[in-house]
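**Q** Generate a structure from the sequence data that follows.
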Amino acid sequence: MGIRIKLFKKDNILPSSIDLESSTICQLKCRLCGLRKKIYYRGSVGAGFLKFEHFKEFINRNRFIKHIELSNNGEVFLNPELSKIIKYAYSEKVSLTAEYGVNFNTVSDEVLEALVKYKFEKISIAIDGASQETYSKYRIGGDFNRVIDNIRKLNTYKKKYESVYPKLWWQYVLMQSSEDVSEIKKAKDLAKELNMSIFFKLTYEKGYIPNNPDILIAETGLKYLNRETFTKNTKSLYANMCQSLWNKPYINWDGRLLGCCYVSQNDFGVNVFEIGIENALKSANYVYAKRLLSGKIAYKDYPIPSPTNGCKGQKRIPCLYCIRYKYIFENKSFINPKKL
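**A** Prediction:
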């Protein structure tokens, strides 16, 4: 017998935006990436691409969805059916983004044109540095010059179609390999030349202590330069994605409901492509997780998080094995759905 839990009125509110993974395959081997270590492949995420037929059926069944984020664990542009996905979304008035980041090393002319022609809304391109030497220290296997060439090609299509779409963002992760001030200044200048906005993110590297912190803060606009300092000063987690369970639930490429983009080893035991998103979001495990995150249920026997033990037994609830929920639980910093 599974978990039974009462549905609240808030659980009947369907999101207009969702995350739908288009690819967990990637050609790079970024230093801190779980894909490189094949962690994701052993877990619920697996290795694969979103199929066009599933995407089309999903949109047709869920007309309340108006926006879909396609990026997360892998490289969006390796999906062989991406151009068809982009075209169909445009025909059905569903906006697409890749805000979580792409590496943009491999992208065909057909897809580049489709991005512009069918008004793909926004793309964040991960470029940590302004030279091959700096960029390749983290983005192992990547080619800085090829990325820049692809951006220039895309801008050519934008000029041809007289379009501002897709809007381009340069995502720069600040870490030991990319903190050189001259590189940061060059990246900002090049971003301006390429008609891109640039933003700086904090690294997952633990114990990162930046050199020249005052200068880096001035150049990047960041208030804190590592995640530990951010959490210590704000009493909250950097990039808290737990709220995604309410306003932007994350669905794997094969339809498994994962809840948020941080989940990789487990799932909620339901498949959106099989039972529909409404039923999936009302499933007992998923609703139970939202009660935990909002502090409505106290889980006293908190299990120790492990990257390999998974969700065992009847409760397939990834949050119980997540370090982010552990922080929320221990600090009583629960999510307030009314403020989302």
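**Q** Correct me if wrong, but residue 238 is in a strand.
**A** No. Under DSSP: H, G, I helix; E, B strand; the rest coil, residue 238 falls outside any strand and is assigned coil.
**Q** Please work out the average pLDDT along stretch 108-120.
**A** Confidence for stretch 108-120, expressed as mean pLDDT, is 98.
**Q** Just the CA trace of that stretch, in CSV.
**A** The C-alpha trace of stretch 108-120 is given here as CSV (Å, rounded to 0.1, in the frame of the first residue of the first chain):
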residue,chain,number,x,y,z
SER,A,108,23.8,22.5,-37.1
ASP,A,109,22.9,25.3,-39.4
GLU,A,110,19.4,23.9,-39.6
VAL,A,111,19.0,24.2,-35.9
LEU,A,112,20.6,27.7,-35.8
GLU,A,113,18.1,28.9,-38.3
ALA,A,114,15.2,27.2,-36.6
LEU,A,115,16.1,29.0,-33.3
VAL,A,116,15.6,32.3,-35.0
LYS,A,117,12.8,31.5,-37.5
TYR,A,118,10.6,29.9,-34.7
LYS,A,119,11.5,32.5,-32.1
PHE,A,120,13.3,30.3,-29.5
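**Q** Number the residues from 856 up from this point.
**A** All set: I'll call the first residue 856, so the last point we hit is now stretch 963-975.
**Q** Can you tell me what sits against it?
**A** With CB atoms under 8 Å, 6 or more residues apart in numbering as the test, stretch 963-975 has contacts from 932, 937-938, 941-942, 944-945, 950-953, 978, 1005, 1008-1009, 1012-1013, 1015-1016, 1018, 1020-1021. All C-beta spots, glycine's among them, are computed from the backbone N, C-alpha and C.
**Q** buried ones in that stretch?
**A** 966-975 (16 or more other CB atoms under 10 Å).
**Q** just stretch 878-889 next, same as before
**A** 878-881, 883, 885, 888-889.
**Q** still on that earlier bit, the buried residues of stretch 963-975 in helices, which ones?
**A** Counting by DSSP state H, the buried residues of stretch 963-975 place 966-972 in helices.
**Q** for this protein, what spans make up the helices?
**A** Counting by DSSP H, the chain has helices at residues 894-897, 907-916, 937-946, 964-972, 987-993, 999-1015, 1036-1048, 1068-1075, 1082-1089, 1099-1102, 1127-1130, 1132-1136, 1139-1148, 1178-1186.
**Q** What are the buried residues along the second one?
**A** Neighbour counts using 16+ other CB under 10 Å place 907, 909-910, 913-914 of helix 907-916 among the buried residues.
**Q** wait, which of those residues is closest to residue 1184?
**A** residue 913 (33.0 Å; CB to CB).
**Q** Quick check: the closest one vs residue 1084, distance?
**A** From residue 913 across to residue 1084, the span is 40 Å (CB to CB, to the nearest Å).
**Q** Also residue 903?
**A** Distance from residue 903 to residue 1084, by CB to CB: 37 Å.
**Q** ok, residue 1012 - contacts?
**A** 967-968, 970-972.
**Q** give me that answer again for 7 Å
**A** If a contact means CB atoms under 7 Å, 6 or more residues apart in numbering, then residue 1012 has 967-968, 971 as its contacts.
**Q** Which residues are in contact with the closest residue to residue 952 other than its chain neighbours?
**A** Nearest residue to residue 952, sequence neighbours excluded (CB to CB, 6 or more residues apart in numbering): residue 977, at 4.5 Å. By CB under 7 Å, 6+ apart, residue 977 lies in contact with 952, 954, 1021-1022, 1024.
**Q** Need those in a markdown table (columns: distance to residue 1043 and pLDDT).
**A** Shown next, in a markdown table, are those (distance: CB to CB, whole Å; pLDDT from 0 to 100):
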| residue | distance to residue 1043 | pLDDT |
| --- | --- | --- |
| 952 | 23 | 98 |
| 954 | 20 | 97 |
| 1021 | 20 | 98 |
| 1022 | 17 | 98 |
| 1024 | 13 | 98 |
